[in-house]
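Visitor: Give me the fold of what follows.
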Amino acid sequence: MGCGKSTLGRRLARLLEFEFLDLDSRIEKRVGLTVRQIFAERGEEAFRAEELAAAREIQTRPRLVVAAGGGAFAQAETRAALSNRAFTVFLRCDLETVLRRLRFDGSRPLAVSRERIGPLFAERQPSYRLAELEVDATAPPETVAREIVRAFREKGETS
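Guide: Residues are numbered from 1 along each chain as shown. Below is the predicted model:
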C-alpha cells in the first residue's frame with residue numbers, strides 16, 4: 001500500500017507497450033463490490049480467495065503489467081500464480097513514505113490507522129523480498145519505471 005504500484009504499473013505498460021491490469025479492479029468488476037465492501041460483507045478470507053482466482057485467471061496472459069494489492073504477494077498460492085511466467089518486482093518504500101502517501105479514510109480495508117500499518121508493513125516485507133527485482137519506489141516514478149524496464153529487458157536477454 002502506498003508504494004505507487006498503480007502509477008508505476010501504468011508507466012511500465014506504456015514503456016513496454018503492454019496492457020496494464022489492476023488486480024483489485026478486476027476483482028471488483030467480477031464480484032460487483034468494492035474491495036472495501038468485500039472485506040466488510042464477506043471478510044478478508046473471501047477477498048483472498050477472489051484474489052487467488054483472479055491471479056490464476058491472468059497468469060498465462062502475455063504482455064501484461066499487473067498491479068497486485070499489498071497482501072497478494074504475501075499469500076503463498078497467490079504469489080505463485082502471480083510469479084508464474086512473470087517478472088516480479090518489489091516496490092520498496094520506507095514506512096514513513098508509505099504513511100505519508102496513504103489516506104486513512106476507510107478506502108483501504110487494512111489501512112484503518114497509522115498504528116496498524118507498521119506491523120502489517122513489517123509482516124509483509126519477507127514475502128515482498130521474494131520478488132525477482134527490488135527497486136526504491138521513493139525515486140521519481142519515471143526513474144523507477146525505466147529501472148524496471150532495463151532489468152526486465154536484461155533478464156529477457158539472459159533467459
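
Visitor: Spatially central residue for this protein, please.
Guide: Compute the mean C-alpha point of the chain, and by CA atoms, centre = their mean the closest residue is residue 68, 2.9 Å away.

Visitor: That one touches residue 23, doesn't it?
Guide: Yes. In this structure, residue 68 sits in contact with residue 23. The criterion is CB atoms under 8 Å, and the distance is 4.6 Å. Bear in mind the C-beta positions are built from the backbone N, C-alpha and C, glycine included.

Visitor: Find the residues that touch each one of these two.
Guide: Where contact means CB atoms under 8 Å, 6 or more residues apart in numbering, the residues bridging residue 68 and residue 23 through contact with each are 51, 55.

Visitor: all strands in this structure, in order from the N-terminus.
Guide: Ranges of strands within the chain are 19-22, 64-67, 89-92, 133-136, based on DSSP state E.

Visitor: that older thread, what separation do you get for the residue nearest to the centre of the chain and residue 2?
Guide: Distance, residue 68 to residue 2, by CB to CB, to the nearest Å: 14 Å.

Visitor: what does residue 47 give?
Guide: Here the criterion is CB to CB. By it, residue 47 lies 19 Å from residue 2.
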